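> Here is a sequence with its predicted model. Questions after.
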Amino acid sequence: MNITDKRIDNGTPFDWGRTSEDYAKYRDIYPAIFYKKIAGIGLCLKGQSVLDVGTGTGVLPRNMLSYGAKWTGTDISEEQIAMAKLLSEGTDIEYFCADAKDISFPNDTFDVVTACQCFLYFDHEKLMPKLFEVLKSNGKILVLYMAWLPFEDEIAGESEKLILKYNPDWSGKGETMRPIEIPKIYGERFELSFSEEYKLPVHFTRESWNGRVKACRAIGASLSKAEIAAFEKEHLDMLTKRFPEEFDVLHYAATAVLRKTDIPDFKERSAQLSSGAKEKQL
C-alpha cells in the first residue's frame with residue numbers, strides 16, 4: 001500500500017511492499033555487535049515477550065531469536081509480512097499484518113516493544129497510549145536505528161549523490177551521528193532510561209551494497225520499474241569503475257530505551273525526551 005506523509009520526501013508516495021524481495025535479500029545487514037548490545041542491556045532475552053512493530057521482513061525477531069525471547073511482529077505491509085513468515089518458517093515467531101496504531105493485544109502482554117528503522121513513520125499520538133497498554137509494568141520500548149554516514153564514507157557519499165539524482169525529494173540524505181529523537185508525547189507515560197550512539201563498519205560486496213541501496217525508501221519503494229533499472233545500472237557501473245569487489249561502509253547505530261512509568265511528570269520527561277536529532281534515513 002502507498003504511504004504518503006508530508007513530513008517524508010515532500011509527500012512522495014512510497015510502498016515497502018514493492019521492495020519486499022530486495023529488502024529480504026539485502027537489508028538483513030546488522031552486524032553481530034548490534035544484537036549483542038541489545039542483549040547487553042537486558043532486553044529481548046529468554047523469559048521476555050517482545051512485540052516488534054514495523055517488523056518488515058522480520059529481521060530483528062529472526063536475528064534475536066537465539067537469545068530466547070518470545071517474538072511477535074506486526075507490519076502495515078502484507079507483502080512484508082508474507083516475506084517475514086516465509087523467512088521465519090520453523091520458528092515460533094508470530095506475525096500479523098496491522099498498522100502499528102491499530103494493534104490489538106490484551107493489556108500487560110509484552111515485556112518489550114521494539115521499533116527498528118521505523119519510528120519515523122508512526123502516528124505517535126495514537127501509538128503511545130497503545131504501547132503503554134500492551135506493556136507490562138516497567139515494560140520497555142526499544143527504539144533502534146542504523147544509517148550510513150555519507151560525509152565520512154566515500155562509497156556512501158557517492159551512492160547518496162546518485163540516489164538524489166533519481167529522487168531529489170528524498171529526506172533521508174545527509175545523515176550524521178545523532179541520538180534518536182523521541183516525540184514529546186512519550187514523556188506523559190515513559191521515561192528515557194538508556195541511550196547510545198556508536199559507529200560501526202558494515203561489510204558489503206558490490207552486489208549486496210547495490211541491493212541495499214536499491215531497497216531503500218528513495219529507490220525501490222518509490223520509483224517506477226524503469227527508473228529503478230536505470231538507477232541500478234548507473235550505480236553498479238559507478239561501483240565497478242571506482243571501488244573494489246568487497247568493502248566496508250561506515251554506519252552509525254543509535255539506541256533509545258523508554259521505561260513505562262505509572263507516575264508521569266510531563267514537563268521534566270518531555271524536556272528529556274525532546275533532546276536529540278531527527279532520524280531520517282530508512
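The structure has been received and is ready for your questions.
> Regarding the residue nearest to the spatial centre of the chain, what are the backbone dihedral angles?
Closest to where the C-alpha atoms of the chain average out (Cα atoms, centre = their mean) is residue 117, at 1.1 Å. For residue 117, the backbone dihedrals (degrees, to the nearest 10) come out as phi 70, psi 20.
> so residue 147 sits right up against residue 217, yeah?
No - Residue 147 lies out of contact with residue 217 (Cβ atoms under 8 Å); the separation is 11.9 Å. Using the backbone N, CA and C atoms, a C-beta is placed for each residue, glycine as well.
> shared neighbours of the two, which are they?
Both residue 147 and residue 217 are contacted by residue 172, under the criterion Cβ atoms under 8 Å, 6 or more residues apart in numbering.
> do you know how far the residue of the chain most remote from its centre is from residue 158?
When each C-alpha in the chain is compared with the mean C-alpha position (Cα atoms, centre = their mean), residue 241 comes out farthest, at 31.1 Å. Distance, residue 241 to residue 158, using Cβ to Cβ, to the nearest Å: 11 Å.
> Could you do residue 20 as well?
Taken as Cβ to Cβ, the span from residue 20 to residue 158 is 27 Å.
> between those two, which one's more packed in?
Each of residue 20 and residue 158 has its neighbours counted (other Cβ atoms under 10 Å); residue 20 has more, 24 against 16.
> That one contacts residue 83, correct?
Yes - with contact defined as Cβ under 8 Å, residue 20 and residue 83 form a contacting pair (4.7 Å).
> Mind listing the shared neighbours of these two?
residue 57.
> quick revisit: mind listing what the residue nearest to the centre of the chain touches?
54, 56, 144, 145, 146, 282.
> burial of the fifth one, as a residue count?
Right, residue 146. Neighbours of residue 146 (other Cβ under 10 Å): 20.
> quick one: contacts for it?
Contacts were defined as Cβ under 8 Å, 6+ apart; by that measure residue 146 touches 30, 34, 117, 200, 251, 252, 253, 254.
> with those in mind, which one is nearest to residue 177?
Nearest to residue 177 out of the contacts of residue 146 is residue 252 (Cβ to Cβ; 4.1 Å).
> Work out for me the element the closest residue to the closest one other than its chain neighbours sits within.
With sequence-adjacent residues excluded and distances taken as Cβ to Cβ, 6 or more residues apart in numbering, residue 252 is closest to residue 177, at 4.1 Å. Counting by DSSP states H and E, there is no helix or strand that carries residue 177.
> Pull up the gap between residue 177 and residue 120, please.
17 Å.
> ok, the two, which is more surrounded?
Neighbours were tallied for residue 177 and for residue 120 using other Cβ under 10 Å; the higher tally belongs to residue 120 (21 against 16).
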